[in-house]
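Trainee: Sharing a model prediction with you, sequence too.
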Amino acid sequence: MNKGYFGQWGGAFIPEVLHQTFADLEKAYKAIREDPAFWQEYVDLMGNYSCRPTPLTFAENLSNHLGGARIYIKREDLNHTGAHKANNVMGQGLLVRRMGKKRVIAETGAGQHGVATATMAARFGFDCTIYMGEVDVARQRPNVFWMEKLGATVVPVKDGSRTLKDAINEAFRDWVTNMDNTHYVFGTACGPTPFPEMVSWFQSIVGIEANKQIQEQHGNVPDRVYACVGGGSNAMGIFKGFLEYEAVELVGVEAGGKGLETGEHAARMVGDTASPGVAQGYKTMFLQDDDGQMLETHSIAAGLDYVGVSPILADLGDKGRVRFEAATDEEVLDALTLTMRTEGIIPALESSHAFVQAIKEAPSMSRNQAIIINMSGRGDKDIFTIAHAFDDPSWKEFIIERAEEYKQKSFLT
Amino acid sequence: MNIQQDLQQRLEKKPILLMTHLVLGYPSLEVNREVIRQMAENGVDCIEIQIPFSEPMADGPVILKANQDALAAGIRVEDSFAFAKEIVEDFPQVHFFFMTYYNIVFRYGLNTFIDRAADIGMKGFIIPDLPPEEGQDYLCLAREKDMAAIMFFTPTSTDERMAEVAGQGSGFVYCVARKGVTGKQTAMDDGLSQYLLRCRRATNLPLAVGFGISSREDVALLEGKADMAVIGTATIKLVDKEGPEAVGPFIRSLIGG
C-alpha cells in the first residue's frame, strides 16, 4: 500500500513539479514528529500566545433544560483568533520556521483559517497571501478586513464556484510557481499526504486536553463526542483524544443545508449524494456528478461548505468508528439560539451543527452519562453572517443607516 | 511500430515535431473540429485533447476558463469519446492523446477508460495529477494495451527522479519548462538549456517541451535541444481572438513554412 492512505482514502495526487516539495515537507514533518522538544515548543507557544488549554465548560443549564446527559463544551472559541484553526496554523508556523521558508500561502472559506494564517504570519514575520473565493470575500468582509490589517494580501478567486475548493486550486497554482520560498499552510485535514495526518496531529491538542479535563470533571471518559465536519480538522482534533476508547461514541455532523433531499447541502458521509473521487490532491468521498465534475455545495456555515472530507474521517466512517449525521440550516439557528439563551455562549454557525445533534440526542441519555460538544469557534465575531442568517430587523436597519451615512460622506469628500 | 519509434522516424525528416492542445467543447466541438483540421493539415504531429474537469489544478487562467466554459456549455465525458472517435478516423496522420485529470478517468473506470481509448485509436494519456506512485494500475493497463503513458519532467526533478519517472512512462516525456501553471512565457536561457540536457541524459524517450511557446523563434530555440514543441495556451488565445481559420497559418509560421 502507498504511503498516506487511510483504508482506501488519501494518497498524494500531485503534479510532478511538486514532487520534491512534498518530499521535503514529508522529511520536515517526520523530523518534528520524532523530536519531543517540538511538541513541547508547540504546547508552550499555544499556552503563552493562544489561551491554551481552552476550558471544558459544564453546560449545566442546557443539560437541565434537556433533561438527559451532562453536556460539556470544549471551548475552542476562546482560542486566539476565535477558533480551533489557530492550532494547526501555529504548528505549521513552527514547521515553516524550521524549514527556513519566508512566505506562507493559504486558502480560506469562511475566513477563519485565513485570519489565523495572517495572524501566524504576522507573529513569525512571514509574507502572507490568502486565496479566497469571490463569493466568500463578499459574504465574509469582516474577515477580509482583518487579514488585510494583519498584513496579508487577500486574492479573490474568480474561477469555478468561487468558493473554498476554488481557493484551494488557486493556492496550489501559487505553490507550483513559488515552492522554493513558500509553504502552503493547508487549513484542514484534507489534501495530499502528509497534510491530513499533520493537521490532525496539530489539532489533537484539543482532544488531549479534553480527555484530561473530562476525566477531572466527570471522573470518566464521555459517552459521546460531537463535532461538526467540513474538511474535518476540528473533528479529528477532538476525536483523536478518544479514538482508543471504544466506549466513546464519536459523532461527526455535516452540513445538511436546506435538507439532503433538496441537493443544497454539503453532506459527504450522510446520504447517497457523494461518491469516491480524486481531486485537490487526494482521494475521498466527493460531492460530484457521474462524470466526476464537482458539484456546488451549500451551507449556512461557510466553513462547512466544501465538496470533500478528510480521508481519515472517510476511513473512520467506513470502519464504523465515527457515526455521521447532518444538521439543516434551520436546525442550526434553533440550536444556536438555545445555547445562547441557556448558557450565554455563542457558537459559530459551523460549531452549531454539532450542538444540533447533541441537543437531539442528550434527552434520551441518562444523567450519569456525559457528552462533549466541540465548540470549534465563536459566533460573535461573525455578527454579519449570523445577523443575516437570523434576518434580524433591527440589525438590517442599522446597516441601512450606516450605509446611508457612508454614502452621504462620500458625496461630501 | 510504437509511438516512440514513430516519433523518432518523423524526426529523421524534420528538425522538431509539434504537439498542440485543445480543450474539448471549448468554445464548441464544431470549432474544435475545424481547429484540429487546420492543425492536421499544416503538419502537427500530435494533439492532446483535454477532457474538461471542474478542478484543473495544474492549468493557468486561459485553459482553466476553457474547462469551465466547456462544462457550462454541457459537455460530458461521453461526448468527448464520441468526438475523439471521429477525429481519429478523419486525421490518421496525427497521434491523439487524451489529456485530463485523474478523477475523470477514475469515475469512468480505469479499465473501461483505457480500453475505450485504445479501441477508438487514441495513442495515450497525459494525466498531470497522477504521479507514478499513485498510478501503478494505470501504468500496467496502459502497457497491456500498448498505450503511451506520458510522464513529466520538471525543473524541480532531481536526476534520480527523472530516471525513475522515465523508466515507468512510454511514448515521450513531457518536459515542463518552468515552475508554475500552463500558459506563462519562459525565456530560453542557460538554465533551461542545462535542464534540457539533464532531461536528455535521463531518458531515451523523445522530449516534448511545453509551457508558453508562441512563436517561430521559441520553436527554433528548441531545435536540437528537444524533439517536440508543445503549443497549448497560444492556440486557445488565437482561436478566441481570430477564429479557427487563423490556426493553420499560425502553425505554418511555427515550423517556418
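Mentor: Cool, got the structure.

Trainee: wait, does the top helix by length along chain A make contact with chain B?
Mentor: What stands out as the longest helix in chain A, according to DSSP state H, is helix A:195-218. No: interface with chain B: helix A:195-218 contributes nothing (C-beta under 8 Å from any C-beta of the partner chain), its closest point being 14.5 Å away. The way it works is simple: take the backbone N, C-alpha and C, and place the C-beta from them, glycine included.

Trainee: Can you list the low-confidence ranges for the stretch 101-250 of chain B?
Mentor: Across the stretch 101-250 of chain B, residues meeting the criterion (pLDDT under 70) sit at B:181-188, B:211.

Trainee: try 80 this time
Mentor: Low-confidence segments of the stretch 101-250 of chain B, defined by pLDDT under 80, are located at B:178-190, B:211-212.

Trainee: Which residue ranges of chain A form strands?
Mentor: A:5-6, A:9-10, A:56-58, A:70-75, A:103-108, A:127-133, A:153-157, A:182-184, A:224-228, A:249-257, A:275-279, A:282-286, A:322-328, A:370-375 (DSSP state E).

Trainee: packing partners for the third one?
Mentor: Using 3 or more C-beta pairs under 8 Å, 6 or more residues apart in numbering or on different chains; DSSP states H and E, the elements in contact with strand A:56-58 are strand A:70-75, helix A:195-218.

Trainee: Can you check which of these gets nearest to A:Asp44?
Mentor: helix A:195-218 (11.7 Å; C-beta to C-beta).

Trainee: which of the helices and strands packed on strand A:56-58 is buried the deepest?
Mentor: Neighbour counts (mean count of other C-beta atoms under 10 Å in any protein chain shown) averaged over each of these peak at strand A:70-75, with a mean of 26.

Trainee: what are the pairing partners of it, and which direction each?
Mentor: Paired strands of strand A:70-75, with direction, are strand A:56-58 (antiparallel), strand A:370-375 (parallel) (DSSP bridges).

Trainee: With mean pLDDT, mean neighbour count and distance to B:Gln50 as extra columns, can I get those in CSV?
Mentor: What follows is the strands paired with strand A:70-75, written out as CSV (pLDDT from 0 to 100; neighbours: other C-beta atoms under 10 Å in any protein chain shown; distance: least, C-beta to C-beta, whole Å):
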stretch, mean pLDDT, mean neighbour count, distance to B:Gln50
strand A:56-58, 98, 19, 52
strand A:370-375, 98, 29, 42
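
Trainee: now the ones you listed in JSON lines, with distance to B:Arg116?
Mentor: Below are the strands paired with strand A:70-75 laid out as JSON lines (distance: least, C-beta to C-beta, whole Å):
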{"stretch": "strand A:56-58", "distance to B:Arg116": "56"}
{"stretch": "strand A:370-375", "distance to B:Arg116": "47"}
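
Trainee: wait, which of those is closest to B:Thr20?
Mentor: Between B:Thr20 and these, the tightest spacing by C-beta to C-beta is seen for strand A:370-375, at 52.5 Å.

Trainee: did I read that right, B:Thr20 in a helix?
Mentor: No: the secondary structure assignment for B:Thr20 gives strand rather than a helix, going by DSSP: H, G, I helix; E, B strand; the rest coil.

Trainee: ok, it - contacts?
Mentor: With contacts defined as C-beta atoms under 8 Å, 6 or more residues apart in numbering or on different chains, B:Thr20 is in contact with B:Met39, B:Val44, B:Cys46, B:Ile47, B:Glu48, B:Val230, B:Ile231, B:Gly232, B:Thr235, B:Ile251.

Trainee: Okay, it and B:Ala117: tell me how far apart.
Mentor: Here the distance between B:Thr20 and B:Ala117 works out to 19 Å (C-beta to C-beta, to the nearest Å).

Trainee: From B:Asp146, how far off is A:Gly11?
Mentor: When C-beta to C-beta is applied, the distance between A:Gly11 and B:Asp146 equals 27 Å.

Trainee: Which of those two has more residues huddled nearby?
Mentor: For A:Gly11 against B:Asp146, the residue with the higher neighbour count under other C-beta atoms under 10 Å in any protein chain shown is A:Gly11, and the figures read 24 against 12.

Trainee: Can you report phi and psi for the more buried one?
Mentor: The phi and psi values for A:Gly11, taken as degrees, to the nearest 10, are phi 90, psi -170.

Trainee: How about the contacts made by it?
Mentor: By C-beta under 8 Å, 6+ apart, the residues touching A:Gly11 are A:Asn2, A:Gly4, A:Tyr5, A:Pro192, A:Thr193, A:Val278, A:Tyr282, A:Lys283, A:Pro311, B:Glu134.

Trainee: What's the local residue count around the residue of the stretch 101-250 of chain A found nearest chain B?
Mentor: Of all residues in the stretch 101-250 of chain A, A:Thr177 sits closest to chain B, at 3.7 Å by C-beta to the nearest C-beta. A count of neighbours around A:Thr177, defined by other C-beta under 10 Å, yields 16.

Trainee: That one - nearest residue in space that isn't next to it in sequence?
Mentor: Counting by C-beta to C-beta, 6 or more residues apart in numbering or on different chains, the nearest residue to A:Thr177 once its immediate chain neighbours are dropped is B:Gly180, at 3.7 Å.

Trainee: how about that neighbour, what does it touch?
Mentor: The neighbours of B:Gly180, taking C-beta under 8 Å, 6+ apart as the test, are A:Val17, A:Arg173, A:Val176, A:Thr177, B:Gly60, B:Phe211.

Trainee: what's the closest non-adjacent residue to B:Tyr102?
Mentor: Of all residues beyond its chain neighbours, the one nearest B:Tyr102 is B:Leu130 (4.4 Å), with distances taken as C-beta to C-beta, 6+ apart.

Trainee: which one of the contacts of A:Gly11 sits closest to B:Glu30?
Mentor: Checking these one by one against B:Glu30 (C-beta to C-beta), the nearest turns out to be A:Val278, at 31.4 Å.
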